Structures are given as C-alpha cells and as structure tokens.
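Q: sequence first, then the predicted structure:
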Amino acid sequence: MSQTRPIPNPAWRRPPVLARNPAQAMRQAVLDALLRGAAGPAGADGNAPRLLVAPAASATAPAQLAAAQSLDAAERQKLAASHEQCLRVFRNLARGQAPATDDDDLGAALAFFTAVNLHALHGVDVEREVMAVLERQLLGVSRRASNWDAASLAQRQVFFERIAILSIVVSSACASAPAQGPAAVARLRRAARQYLQELLGLNPDLLSLAPSGLVTRDGAAPARAGAGRRPS
C-alpha cells in the first residue's frame, strides 16, 4: 500500500477513538464478506450502489475528535487543525482516484481504513486492485457501520469525516513510527487493533488481505473480538 507522508500530528500519542460498538449484525456482515471473498472478488454487493455523500460546508469531526482528546483549549485547537489537514489529505488522495465526482465515498473510505489498519497491524501491503475488491466486499459492513439507511445527512457526513481522518492518522503513523522506536510501533499496533475491533467486531489478529479481499490468516476461523475472555 502506498503511504502518505508523515503529518506532524500531536494527536498520535492519544489517538482519536472510533467510538462505535459493533453489533451482532456487524459481525455477521464481516463473516458474510469473508465467505463471499472465497467465492469471487465482487461478492453479492458487486452491483450495489456506492455510499456517496456531499461534503459538509464546514467539517465538524475535526473539532469533535479534538474535544474528545484534550481539555486544554489551545491543544484542542492544534489537534483540530491537524485533523482538518488529515481530512484534506484524504480527499485529495480519494479524488485523485475518482476525479469524476466531488462527493465523498464512504465505502471507499472504509475500505482504505480497513486496509491501512491491517497494514499497521500485520505489515500487509495492498495493491490498488485489491482495494477495489475490498470496497465491494465490505459494502454491507459500510452500511451497517454508518447506520446509513437511518442516518441523516449530517450524521453521514460526520461519520465519513471521522473515518477519513483516522485513516490518515494511522497511515501517517505507519510512515513515522518505525523511526521513533519500538514503543511508537507498539502504540500504533494497539490503536490499529482497537479500530478494527470496533469497526468489524472480529479479532483482527485473525484477518488479512489477499487478492480476493478480506481473508482469514493462515486458514484460521474468524472469531469475535474478545472471544475467549472469562465472563466477569
């Protein structure tokens, strides 16, 4: 996977949270995607419409994420500016891939988010062709993660903004963490694992990417995040 240049990001020591708890329907959607991936690259959603949303006149997710990370007003302002830069970077990358539209594509954003976090966690490199497969494969997951059918326009916009920002935060950290040492790499991997668990509802240590899209690693059976824990 091609990586973005490191962005000076004061947020990374306390990475922003996705703040979504996966439901059973989300886990089932991922399992369905894995099964479809074995049958063919397009899967059952190959002809489904893309999840497009017009950009908000003024993004709200940068300030929301910053407010969740810091109580200090000056630091919140700095974090919000950093997140706004991440959003611009993501949109520039996305529109370079699909210049025919000015709309934001949530399905493409969630595919990139999944791929970049798997790259951070497992070192998986992804070709552009695989990204297209992954986007089609995870379309059902994208609808559920965003509550697309019930969400308002503003809710769709904010969810896209959060995913886009976090994708660039993680991608930037992938480029900078190795030079910062083992502790920075460990923080990155912990954050990537958390993001994937929250989004997919499955144990990300058992997931990887292949030409067929999202697959299980080494033939392991998919498991729910947190499976095996003793009940408290």
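A: Looks like it came in fine.

Q: following the helix or strand that contains residue 179, which helix or strand comes up?
A: Under the criterion of DSSP states H and E, residue 179 resides in helix 153-180. Next helix or strand after helix 153-180 toward the C-terminus (DSSP H and E): helix 182-200.

Q: what packs against that next one?
A: helix 24-39, helix 106-122, helix 139-146, helix 153-180 (3 or more C-beta pairs under 8 Å, 6 or more residues apart in numbering; DSSP states H and E). From N, CA and C alone the C-beta is placed, and that goes for glycine too.

Q: what's the next secondary structure element after it?
A: Downstream of helix 182-200 (by DSSP H and E), the next one is strand 207-210.

Q: report the rounded mean pLDDT for that following strand.
A: Computed over strand 207-210, the mean pLDDT rounds to 86.

Q: returning to that earlier point: for residue 51, find the nearest of the helices and strands packed on helix 182-200.
A: Taking C-beta to C-beta as the criterion, helix 106-122 is the member of the helices and strands packed on helix 182-200 that comes nearest to residue 51, at 4.1 Å.

Q: now for the closest one, which elements pack on it?
A: helix 73-97, helix 128-137, helix 139-146, helix 153-180, helix 182-200, strand 207-210.

Q: what comes up buried for the first one?
A: Along helix 73-97, these residues count as buried under the neighbour rule (16 or more other C-beta atoms under 10 Å): 76, 78-80, 82-87, 89-91, 93-94.

Q: report the contact partners of the spatially most central residue of the chain.
A: The centroid of the chain falls nearest to residue 113 when counting by C-alpha atoms, centre = their mean (2.4 Å). Residues near residue 113 by C-beta atoms under 8 Å, 6 or more residues apart in numbering: 163, 166, 167, 170, 195, 199.

Q: and those residues as CSV, adding neighbour count and distance to residue 57?
A: Below are the contacts of residue 113 laid out as CSV (neighbours: other C-beta atoms under 10 Å; distance: C-beta to C-beta, whole Å):
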residue, neighbour count, distance to residue 57
163, 25, 19
166, 27, 22
167, 27, 22
170, 25, 27
195, 27, 28
199, 25, 27
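
Q: pick the one among those closest to residue 107.
A: Using C-beta to C-beta, the contacts of residue 113 come closest to residue 107 at residue 163, 10.4 Å.

Q: and the closest one, how far from residue 54?
A: Here residue 163 is placed at a distance of 16 Å from residue 54 (C-beta to C-beta, to the nearest Å).

Q: also residue 73?
A: 31 Å.

Q: any stretches of this protein with poor pLDDT?
A: 1-47, 98-99, 218-232 (pLDDT under 70).

Q: give the buried residues for stretch 192-207.
A: Quick answer for stretch 192-207 (16+ other C-beta under 10 Å): 192-204, 206-207.

Q: cool, and stretch 172-189?
A: 172, 173, 174, 176, 177, 184, 185, 187, 188, 189.

Q: now the fifth one: closest residue in space that isn't a chain neighbour?
A: Here the nearest residue to residue 177 in space, its sequence neighbours aside, is residue 184; by C-beta to C-beta, 6 or more residues apart in numbering that works out to 4.2 Å.

Q: one more: the second one?
A: Nearest in space to residue 173, with sequence neighbours left out and distances taken as C-beta to C-beta, 6+ apart, is residue 188 at 4.8 Å.
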